[in-house]
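Colleague: Just to be clear, the model below is a prediction. Sequence and coordinates:
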Amino acid sequence: MPDQAASRTAGPAGTRFREVRWLASVDSTNRLVLEEARAGAAEGLVVCAGEQTAGRGRQGRAWIAPAGSSLLCSVLLRPRLPPDRRHLVVIAASVAVAGAVESTTGVATSLKWPNDVMVGEAKLAGVLAEADGDAVVVGMGVNVDWPEVPAQLIGVATAANREGGRPVGLPTLLDEVLRRYDAHLDDLPGALREYRRRLGTLGRRVRVDLSDGPLTGIAADVDHAGHLLVEVESGCLVEVAAGDVVHLRSA
């Protein structure tokens, strides 16, 4: 399907998100917004789709969602931050999504490092960012109204309606996400504090799957850039910038 907007609306008043494009279907909202960024689009563009045919999550996994059941969107930012601090805009997105879900649906959430929004041990939403030059494209996927949980995702993923929250329209949820995200981007230290507060990974025994093998220990803290600090058996803290975390049962 061509990448043509089914409709265009304004973002929430007073925010940097001035243009929202709604697509019926696209292969990937991140891919499309990256193209717009390379063509010179300004910060604040938002693209949402009712369906992504090639959506991706962390570690290149497919993002599975029935058409029209999830909030699938990407936003374009051009943050004036050094490369080692750009991840803060991704942290701010996960905090914004968690807060917006709670306020609009009534579903209590937590965060799993680095950027998953969880209900218990099931994933409700995810955030994935890609950079190109001075542009950062932040993609967000929120499971909102699933008729049922796919068999392969039972116990792994969930949706707001499956958790007994209030029904919510996708535009309403998007507006709340964008309002909160805009405020968090203006106060990244505050966003990091909120991230720590919501991060259910902290204090947990974890396994982090790294490129050179697994790392096991206690998730002790996150640093100023959002890197996970894992206390290993020797008592040393190991800084993890990227990796796949598994929450383990306590011994």
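Modeller: Sure thing, it's come through.
Colleague: any idea of the pLDDT on Ile64?
Modeller: Note on Ile64: pLDDT of 55.
Colleague: Report how many residues lie close to Ala42.
Modeller: Look at Ala42: counted by other C-beta atoms under 10 Å, it has 12 neighbours. All C-beta atoms are positioned from the backbone trio N, CA, C, and that covers glycine.
Colleague: Equivalent analysis for Arg21, please.
Modeller: Using other C-beta under 10 Å: Arg21 sits among 22 other residues.
Colleague: and what of Gly50?
Modeller: 18.
Colleague: The nearest residue to it once chain neighbours are set aside: what secondary structure?
Modeller: Using C-beta to C-beta, 6 or more residues apart in numbering and skipping the chain neighbours, the partner closest in space to Gly50 is Gly68 (4.8 Å). Taking DSSP: H, G, I helix; E, B strand; the rest coil as the rule, one finds Gly68 in the coil state.
Colleague: got the contact list for Gly68?
Modeller: By C-beta atoms under 8 Å, 6 or more residues apart in numbering, the contact set of Gly68 is 50-51, 145.
Colleague: And those, which is closest to Thr216?
Modeller: The nearest member of these to Thr216, counting by C-beta to C-beta, is Asp145 at 37.4 Å.
Colleague: any idea how far the closest one is from Gly126?
Modeller: To Gly126, Asp145 is 17 Å away according to C-beta to C-beta, to the nearest Å.
Colleague: now do Ala151
Modeller: Noted for Ala151: a distance of 20 Å to Gly126, by C-beta to C-beta.
Colleague: The two: which has the busier surroundings?
Modeller: A direct count of neighbours by other C-beta under 10 Å for Ala151 and Gly126 places Gly126 higher, at 25 against 6.
Colleague: Let me know the secondary structure of the closest residue to Leu45 other than its chain neighbours.
Modeller: Nearest residue to Leu45 in three dimensions, chain neighbours excluded: Leu76, at 4.3 Å (C-beta to C-beta, 6+ apart). When classified by three-state DSSP, Leu76 comes out as strand.
Colleague: Shouldn't Arg196 be within a strand?
Modeller: No: using three-state DSSP, the assignment for Arg196 is helix, not a strand.
Colleague: wait, what's in contact with it?
Modeller: Counting by C-beta under 8 Å, 6+ apart, Arg196 has contacts 202, 221-222.
Colleague: How about His227?
Modeller: Contacts of His227 (C-beta under 8 Å, 6+ apart): 87, 239-241.
Colleague: Just the ones of these in helices?
Modeller: Within the contacts of His227, residues falling in helices by DSSP state H are His87.
Colleague: Out of the contacts of His227, the closest to Arg198 would be?
Modeller: Nearest to Arg198 among these is His87, at 16.0 Å by C-beta to C-beta.
Colleague: who touches that closest one in this structure?
Modeller: Taking C-beta under 8 Å, 6+ apart, we find His87 in contact with 114, 129, 225-227.
Colleague: try 10 Å this time
Modeller: 81, 114-115, 129, 136, 225-227, 241-242 (C-beta atoms under 10 Å, 6 or more residues apart in numbering).
Colleague: cool, Ser234 as well?
Modeller: Contacts of Ser234 were listed using C-beta under 10 Å, 6+ apart, and they are Gly217.
Colleague: re the thing from before, in helices, which of the contacts of Gly68 fall?
Modeller: Among the contacts of Gly68, no member is found in helices (DSSP H).
Colleague: Mind putting the residues you listed into CSV with distance to Ser211 and pLDDT?
Modeller: Converted to CSV, the contacts of Gly68 look like this (distance: C-beta to C-beta, whole Å; pLDDT from 0 to 100):
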residue, distance to Ser211, pLDDT
Gly50, 35, 91
Glu51, 32, 90
Asp145, 37, 92
